[in-house]
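Colleague: got a sequence here, can you build the structure:
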Amino acid sequence: MADSKDLEIKQGKTYSLVLRWETEPIVYKAITAISLANGAPRLTVTGHGTPNGWRGAVTRVKGMTQINAKNSPPRASDFVTATVIDANTIELNSVTPCDDSGTEWSDYTSGGFWQFNTPVDLAGYTARMKIKDKIGGTLLASTEAGDSPLNILSIAIDNAGKTITLSIAATATDDIAWAKGVYDLEMVSGTGVVTTILSGKVTVTKEVTT
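Modeller: Residues are numbered from 1 along each chain as shown. Next up, the predicted model:
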């Protein structure tokens with residue numbers, strides 16, 4: 001099933017959205033240390049295999065139990081973004097290691113897992129997307145050259161970084177004359193299998209600074 005996400009395009013501004021396509025199985029990597037010396041939790045996870053910017057959850061840590069996901073299994077709200085330091089180290093920059101009163105978390109003692117969904121191998125994939133005024137309606141924007149001059153959408157695939165980046169140039173958003181629509185984004189494998197990974201509504205808002 002495709003994820004649902006509504007998009008807001010600001011007229012006259014460059015639009016960019018970075019997507020990360022996840023699948024099963026869940027990957028579990030053992031945590032052997034957690035340091036707070038740099039302010040944010042820095043986890044030692046040997047051979048973690050996590051792409052930079054990927055989301056995951058911490059479970060079953062002893063000592064520094066505050067870092068653990070609050071739900072088992074973890075829910076979407078438990079996932080945090082990882083910054084990759086090196087092949088064996090990640091940092092959770094969005095996590096503040098203290099409670100509401102400002103008290104720093106307990107020291108890490110042992111155990112725990114960093115878990116995340118498997119990144120889809122993007123080799124051989126192409127991407128396509130269209131925006132219409134309604135499902136089955138009039139085309140408003142597209143990635144396809146054959147839809148020129150409405151082919152203002154660009155999608156870049158980075159298999160090394162496991163990212164899919166949707167972008168629209170500022171000059172193109174400046175020319176948009178419509179205010180709302182619907183879209184879906186499809187990934188097409190090298191063998192022709194089509195998977196919708198994202199869909200939803202699109203709104204265009206007027207810029208303030210021109």
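Colleague: my guess is residue 203 contacts residue 9. True?
Modeller: Yes - Residue 203 lies in contact with residue 9 (CB atoms under 8 Å); the separation is 7.2 Å. (Glycine included, C-beta is placed from N, CA and C.)
Colleague: what's the closest non-adjacent residue to residue 159?
Modeller: Nearest non-adjacent residue to residue 159, counting by CB to CB, 6 or more residues apart in numbering: residue 122, 4.1 Å away.
Colleague: which residues touch that neighbour?
Modeller: Residue 122 makes contact with 21, 157-159, 162, 164, 187, according to CB atoms under 8 Å, 6 or more residues apart in numbering.
Colleague: relative to residue 37, how far out is it?
Modeller: Computed with CB to CB, to the nearest Å, the distance linking residue 122 and residue 37 is 35 Å.
Colleague: try residue 75
Modeller: Relative to residue 37, and taking CB to CB, residue 75 is found at 30 Å.
Colleague: with residue 15 instead?
Modeller: Residue 15 is 38 Å from residue 37, by CB to CB.
Colleague: between the two, which one's more packed in?
Modeller: Taking other CB atoms under 10 Å, residue 15 and residue 37 do not tie; residue 15 has more neighbours (20 against 6).
Colleague: tell me the pLDDT at the more buried one?
Modeller: On pLDDT, residue 15 comes in at 98.
Colleague: looking at strand pairing, list the partners for the residue lying closest to residue 33 once chain neighbours are set aside.
Modeller: Excluding its sequence neighbours, the residue lying closest to residue 33 (CB to CB, 6+ apart) is residue 44, at 3.9 Å. Beta-bridge partners of residue 44, counted by DSSP bridges, are residue 33, residue 89.
Colleague: contact partners for residue 44?
Modeller: Residue 44 makes contact with 31-35, 88-89, according to CB under 8 Å, 6+ apart.
Colleague: is it true that residue 171 lies in a helix?
Modeller: Yes - under DSSP: H, G, I helix; E, B strand; the rest coil, residue 171 sits within a helix.
Colleague: burial of it, as a residue count?
Modeller: If you count neighbours by other CB under 10 Å, residue 171 ends up with 10.
Colleague: from residue 13, how far out is it?
Modeller: 11 Å.
Colleague: same thing with residue 185?
Modeller: For residue 185, the distance to residue 13 - CB to CB - is 20 Å.
Colleague: where does pLDDT dip in this protein?
Modeller: 1 (pLDDT under 70).
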